[in-house]
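Q: sequence and predicted structure below; questions after.
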Amino acid sequence: PTSPIETDAVIVGAGPVGLFQVFELGLLEVKAHIIDSLPYPGGQCIELYPDKPIYDIPAVPVCTGKELTDSLLKQIEPFGATFHLGQEVTELQRREDGRFDVATAKGTRFVTKTVFIAAGVGAFQPRLLKVDGLEKHHDRQVFYRVKNPAQFAGKHLVIVGGGDSALDWTLNFAQDGPHKAESVILIHRRDGFRAAPASVARMKELCDALEMQFVIGQITGIEEQGDRLTGVKVTGSDGVTRVVPLDVLLVFFGLSPKLGPIAEWGLALERKQVVVDTEKFETSIPGVFAVGDINTYPGKKKLILSGFHEAALAAFGAAPYIFPDKRIHLQYTTTSPKLHKVLGVE
Ligand code: FAD
């Protein structure tokens, strides 16, 4: 195995608060490595509401989840943080020398002086369709997210789910367009949807025009031929089970955040949240800080602006671990020549 990356700071989670932690550390001249289990930064803002407007970011009257993420990425650019995406942090352990061993599920390892847990509501994982034998078809014929829609063009698709992802992809593949599938069958357990009403209306139009089908029911089994998945068994509300043939099964049951390995790092927790003080947002393990939705303290509000404040104080709280001999003073970005230098705006 390759040797671990030695660093001053590792940030677990690249949601809005983890991203802003890069900024606050950067002002104190601390370079960070930032890790997320998702393949892109932005956390809940990107995963749950990229196009919805946020109205309570100070001095930004309105911006979408995606716009906020893009602005944060731009704002932290001068600090050259290293991103490690698509990998979950699985291990955190204190070393004899006071530093920490951190490792991801992909085997990236770090030795770091400080750790910032900005893990939000946990690592996002798709909710799985639980049917015997399905797992071996994962990423071959069964997918929980669409990375490259062209891969599914011209195929017989079965799509399961009733939320926006299920409906958006159904429309994408059923309508004329570059990724039109050979056939699309949408399966949902009931005739009511969480998705945008306009998408549902459009889906019903496509059904009326025989461009696709909608089936009410639950997937209760699979059909296979050799190694191939050839169909799913769908049990309808009438109790009858029918076989629906397919090339590809797309499942959109939403993403459920899992606290996962963080629960095993020996941190004091309270109802699955990491307990911190409100001076430094330090956890029960000195040198490990927790910011954003993952932490709890008296009066905690899960808001992005709270997370930004926490990130500032956590950076100051961490500085003595990184620069034991340096006195850290508060400086204004407006007027400090030193901050202008680190920001690259001299
Ligand atoms: P998150 O955004 O949850 O990001 C945490 C990241 O950490 C995730 O990407 C996750 O994959 C990653 N992660 C977790 N564990 C691990 C691990 N072990 N290894 C690697 N990566 C890991 N807030 C507002 O202030 N204003 C609003 O208007 C607003 N609107 C909202 C609307 C909706 C629909 C929702 C769901 C939330 C809204 N919020 C709003 C709340 C806001 O999104 C959260 O407060 C904010 O996202 C918290 O940021 P975070 O960085 O702490 O965590």
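A: Perfect, thanks for sending it. Numbering: from 1, shown residues only.

Q: contacting residues for P257?
A: G120, V121, G122, A123, F124, Q125 (CB atoms under 8 Å, 6 or more residues apart in numbering). C-beta coordinates here come from the backbone N, C-alpha and C atoms, glycine included.

Q: could you give the number of residues near the closest residue to the fourth one other than its chain neighbours?
A: Nearest in space to A123, with sequence neighbours left out and distances taken as CB to CB, 6 or more residues apart in numbering, is S37 at 3.9 Å. Residues near S37, counting by other CB atoms under 10 Å, number 23.

Q: was I right to think S37 contacts T90?
A: No - with contact defined as CB atoms under 8 Å, S37 does not count as touching T90 (9.8 Å).

Q: check whether stretch 43-63 contacts the ligand.
A: Yes - applying CB under 6 Å from any ligand atom, one finds stretch 43-63 in contact with the ligand at G43, Q44, C45, L48, Y49, I54, D56.

Q: ok, back up a step: for the residue nearest to A123, phi and psi?
A: phi -70, psi -30 (degrees, to the nearest 10).

Q: for the longest helix seen in the chain, the distance to its chain's centre please.
A: Taking DSSP state H as the criterion, the chain has its longest helix at helix 304-322. When distances are taken as CA atoms, centre = their mean, to the nearest Å, helix 304-322 is centred 22 Å away from the chain's centroid.

Q: name all residues that make contact with the residue nearest to A123.
A: So S37 contacts G86, Q87, E88, V89, A123, F124, Q125 (CB under 8 Å, 6+ apart).

Q: residues contacting P61?
A: So P61 contacts Y55 (CB under 8 Å, 6+ apart).

Q: same question, K147
A: P39.

Q: let's number from 27 now, not from 1
A: In the new count, where the first residue is 27, that last one comes out as K173.

Q: and it, that one's in a helix?
A: No - judged by DSSP: H, G, I helix; E, B strand; the rest coil, K173 forms no part of a helix; its state is coil.

Q: that one and the ligand, how far apart?
A: 16 Å (CB to the nearest ligand atom, to the nearest Å).

Q: can you give me the pLDDT of that residue?
A: According to the prediction, K173 has pLDDT 81.

Q: do the one 5 residues further on as well
A: According to the prediction, F178 has pLDDT 97.

Q: quick check: closest non-adjacent residue to it.
A: V274 (5.7 Å).

Q: over to Q239?
A: I211 (4.8 Å).

Q: what does A337 give?
A: With CB to CB, 6+ apart, the residue lying closest to A337 is Q47, at 4.3 Å.

Q: which residue ranges make up each domain of the chain?
A: 31-151+282-369, 154-279 (automatic domain parsing).

Q: in contact with the nearest residue to A222 once chain neighbours are set aside, which residues?
A: Sequence neighbours aside, D190 is the residue nearest to A222 in space, at 6.2 Å (criterion: CB to CB, 6+ apart). D190 sits next to R220, A221, A222, S225 when contact means CB under 8 Å, 6+ apart.

Q: identify, from the residues you listed, the entry nearest to the ligand.
A: R220 (12.1 Å; CB to the nearest ligand atom).

Q: where does the closest one land in three-state SS?
A: Per three-state DSSP, R220 ends up coil.

Q: can I get the helix or strand hosting L197 as CSV, trimmed to CA atoms?
A: L197 belongs to helix 190-200 when assigned by DSSP states H and E. C-alpha atoms of helix 190-200 as CSV (Å, rounded to 0.1, in the frame of the first residue of the first chain):
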residue,chain,number,x,y,z
ASP,A,190,-38.6,13.4,-8.6
SER,A,191,-35.6,11.3,-9.7
ALA,A,192,-37.9,8.4,-10.8
LEU,A,193,-40.2,10.7,-12.7
ASP,A,194,-37.5,12.9,-14.2
TRP,A,195,-35.6,9.9,-15.5
THR,A,196,-38.8,8.3,-16.7
LEU,A,197,-39.6,11.4,-18.8
ASN,A,198,-36.0,11.6,-20.0
PHE,A,199,-36.0,8.1,-21.3
ALA,A,200,-39.6,7.8,-22.5
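
Q: in that helix, what counts as buried?
A: Neighbour-count burial for helix 190-200 flags D190, S191, A192, L193, W195, T196, L197, N198, F199, A200 (criterion: 16 or more other CB atoms under 10 Å).

Q: near the ligand, which residues of the stretch 77-226 of the chain show up?
A: I80, D82, E114, V115, A144, A145, G146, V147, G148, A149, F150.
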